[in-house]
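# requesting a structural model of the entry that follows:
(chains A, B, C and D)
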Protein chains: 2
Amino acid sequence: MIHIQEILWYNIKKGDVMNKRKVPKATMQRYPLYLKALKKLQSLGIDRIMSNQLGSFIDVEPTTIRRDFSFIGTLGKQGYGYDVETLIDTFEGHLGGTYNEKIIIVGAGNLGRALMNYNRWNNVVGEVACAFDIDESKVGVVNDIPVYPLSQISKSIPVGCRIAILTVSHDAQETVDKLIEAGIVGIISFTHDHIRVPKDVFIKYVDVISSIQELVFQVNNI
Amino acid sequence: MIHIQEILWYNIKKGDVMNKRKVPKATMQRYPLYLKALKKLQSLGIDRIMSNQLGSFIDVEPTTIRRDFSFIGTLGKQGYGYDVETLIDTFEGHLGGTYNEKIIIVGAGNLGRALMNYNRWNNVVGEVACAFDIDESKVGVVNDIPVYPLSQISKSIPVGCRIAILTVSHDAQETVDKLIEAGIVGIISFTHDHIRVPKDVFIKYVDVISSIQELVFQVNNI
DNA sequence: CTTAAGTTGTTAAATGATTCACATACAAGA
DNA sequence: TCTTGTATGTGAATCATTTAACAACTTAAG
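This is a model prediction of the structure:
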């Protein structure tokens, strides 16, 4: 004899837990694009959108968009489309739009300072809390952001800080090891070096040179 | 009766022309990584390598590496491995290592100037020939690189220039349209805007904010 | 020369991602 | 309220990429 509670539990499990399928990597890479596009559309006064309109706006198949959205939940209404504001709120919740992500910059050279002067951090992912550099002469303040000596990382790293932007020009691996020890679990690396991290730490490369090389390859192989 | 020439022709065609399969996108994205790793290994004095050694160095399956390499040609020797110098030469040939790629930077603000001061362009993909900015007050010279008014793009763009780095903060789409008109076929965009290009033009985004958002999503969904 | 050990390049199998196709449900107008 | 048109969300099919498995070949040693 099967108890009603078992049936309910089974359905809940099946519907909520088991359906929480792993989000494909390719899908994750498109989420920031969706958010970007939706904000643009909102700023143009659009408050409701269909998957094929959004698709033609960003060159993604409507059906790909619908499937990508479905990993997050049931966001649209059949026969109606999607509410732009709802979508933006949902995506911001997942992509750091609570604006309380504390980010540190490691390496206060040309690029590091350019990033500190970049004025679009707030209201996008959070704020740059502070920076670090191994060179004591770089210590000080840039655009209201304090720069500390790298040796003080474990003392000066903000509470709850998980993400670091790496703009050092030397000893990248060594620096990353220190960051992980200090509790960092996500790294954006601007260096052209390959860095090894444990598999519970995520690293993403923002590498102009690799991008140009890939572009040259594409241009040469039409 | 079949003539010997037909057999030879058939074999050549089958082996050389038909096997020139289209390189997968995923593979293209790994080529710069391979080149980077190989150069590192060479600087450590390694002149011969096996696919599984390289694989464990960069966390890519050896069999993926071998397949990726096979799109370019027969680069290794069975029972021996790969000659590091040969690999580097081959990849450099495909990825702009002839160092004669003339690159322009469009937008001479903080980021644009930081890129001009970045001193690792030479001997990697080519050189930054010049820069452009819509703001006449930015015109001048930065790190020996001339900065021209954007209005002069069609006159001042170097002959044979195919690749532009976009670091403008406004009117990205409009600027890109001008670049394409001036003969640019590959664009690295640092802007956070979505840009539309004809399908014979390639665009790659180097976008800190999207990267951070993707990282936040990953960190939140372990 | 012959054999053993080892690594590539590639065919075939497995996994991952995209697109098709359609049942389902909502919206809007009569 | 009913009916019609429309857009979503999702199994099933297709396409793309990765991994496994192995034949073919190279080196090196006896």
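
# and chain A, which residues reach DNA strand D?
Within chain A, the positions adjacent to DNA strand D are A:50-52, A:62-63, A:66-67, A:69-70, A:74-82 by CB under 7 Å from any atom of the strand. Where you see a C-beta, it was placed from the backbone N, CA and C, and this is true even at glycine.

# output the contacting helices and strands for the longest strand along chain A.
Ranked by number of residues, the top strand in chain A under DSSP state E is strand A:126-133. The elements that strand A:126-133 packs onto, with contact taken as 3 or more CB pairs under 8 Å, 6 or more residues apart in numbering or on different chains; DSSP states H and E, are strand A:101-106, helix A:110-117, strand A:145-149, helix A:153-156.

# same list (those) but as TSV, adding mean neighbour count.
Below are the helices and strands packed on strand A:126-133 laid out as TSV (neighbours: other CB atoms under 10 Å in any protein chain shown):
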stretch	mean neighbour count
strand A:101-106	24
helix A:110-117	22
strand A:145-149	18
helix A:153-156	14
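
# would CSV of the ones you listed with mean pLDDT and distance to chain B be doable?
Shown next, in CSV, are those (pLDDT from 0 to 100; distance: least, CB to the nearest CB, whole Å):
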stretch, mean pLDDT, distance to chain B
strand A:101-106, 94, 6
helix A:110-117, 88, 4
strand A:145-149, 97, 14
helix A:153-156, 94, 19
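
# can you lay out those as JSON lines showing distance to B:Ile209?
Below are the helices and strands packed on strand A:126-133 laid out as JSON lines (distance: least, CB to CB, whole Å):
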{"stretch": "strand A:101-106", "distance to B:Ile209": "11"}
{"stretch": "helix A:110-117", "distance to B:Ile209": "11"}
{"stretch": "strand A:145-149", "distance to B:Ile209": "17"}
{"stretch": "helix A:153-156", "distance to B:Ile209": "24"}
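
# give me the number of residues near A:Asn123?
Close neighbours of A:Asn123, defined as other CB atoms under 10 Å in any protein chain shown, add up to 10.

# quick one: it and DNA strand C, what's the gap?
29 Å (CB to the nearest atom of the strand, to the nearest Å).

# A strand includes that residue, no?
No: checked against DSSP: H, G, I helix; E, B strand; the rest coil, A:Asn123 lies outside a strand; its state is coil.

# nearest residue to it in space, please, no chain neighbours.
A:Tyr99 (6.0 Å; CB to CB, 6 or more residues apart in numbering or on different chains).

# the one you found reaches A:Gly126, doesn't it?
Yes: using CB atoms under 8 Å, A:Tyr99 makes contact with A:Gly126 at a distance of 5.4 Å.

# where in chain A is pLDDT low?
Counting by pLDDT under 70, chain A contains low-confidence ranges at A:1-20, A:98, A:122, A:222.

# returning to that earlier point: check the gap between the residue nearest to A:Asn123 and DNA strand C for me.
With CB to the nearest atom of the strand as the criterion, A:Tyr99 and DNA strand C are 28 Å apart.

# residue contacts, the residue most central in space within chain A?
Geometric centre of chain A, nearest residue: A:Leu95, 5.9 Å, by CA atoms, centre = their mean. Taking CB atoms under 8 Å, 6 or more residues apart in numbering or on different chains, we find A:Leu95 in contact with A:31-32, A:35, A:125, B:213-214, B:216-217.

# now name the helix or strand holding the residue in chain A positioned nearest to DNA strand C.
Of all residues in chain A, the one sitting closest to DNA strand C is A:Gly79 (2.4 Å; CB to the nearest atom of the strand). Counting by DSSP states H and E, there is no helix or strand that carries A:Gly79.

# what number of residues lie near it?
5.

# ditto for A:Leu41
For A:Leu41, using other CB under 10 Å, the count is 20.

# wait, a helix at it?
Yes: per three-state DSSP, A:Leu41 lies within a helix segment.

# wait, it touches A:Met50, no?
No: the pair A:Leu41 / A:Met50 is not scored as a contact, 11.5 Å apart, by CB under 8 Å.

# and chain A, what are its domains?
Split into domains by automatic domain parsing, chain A comes to A:4-95, A:101-211.

# could you measure from A:Glu136 over to A:Leu150?
9 Å (CB to CB, to the nearest Å).

# so these two - more neighbours on which side?
Taking other CB under 10 Å, A:Glu136 and A:Leu150 do not tie; A:Leu150 has more neighbours (23 against 11).

# the more buried one reaches A:Lys138, doesn't it?
No: A:Leu150 is beyond contact range of A:Lys138, at 9.6 Å (criterion: CB under 8 Å).

# hmm, back to that, okay if I get the helices and strands packed on strand A:126-133 as JSON lines plus distance to DNA strand C?
Listed next are the helices and strands packed on strand A:126-133 as JSON lines, based on distance: least, CB to the nearest atom of the strand, whole Å:
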{"stretch": "strand A:101-106", "distance to DNA strand C": "25"}
{"stretch": "helix A:110-117", "distance to DNA strand C": "29"}
{"stretch": "strand A:145-149", "distance to DNA strand C": "36"}
{"stretch": "helix A:153-156", "distance to DNA strand C": "34"}
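
# for A:Ile163, which of those is the nearest?
Closest of these to A:Ile163 is strand A:101-106, at 5.1 Å (criterion: CB to CB).

# between that closest one and strand A:145-149, how big is the angle?
Going by axes from the mean of the first three to the mean of the last three CA atoms, to 10 degrees, strand A:101-106 is angled at 50 degrees with respect to strand A:145-149.

# now stretch A:157-172, how far from the centre of its chain.
Its chain's average C-alpha position is 15 Å from that of stretch A:157-172, according to CA atoms, centre = their mean, to the nearest Å.

# right, is that stretch up against chain B?
Yes: using CB under 8 Å from any CB of the partner chain, we find that stretch A:157-172 touches chain B at A:162-163, A:165.

# let's see which of those end up in strands.
A:163, A:165.

# so which of the residues of stretch A:157-172 next to chain B wins on neighbours?
Within the residues of stretch A:157-172 next to chain B, most neighbours by other CB under 10 Å means A:Ile165, with 25 neighbours.
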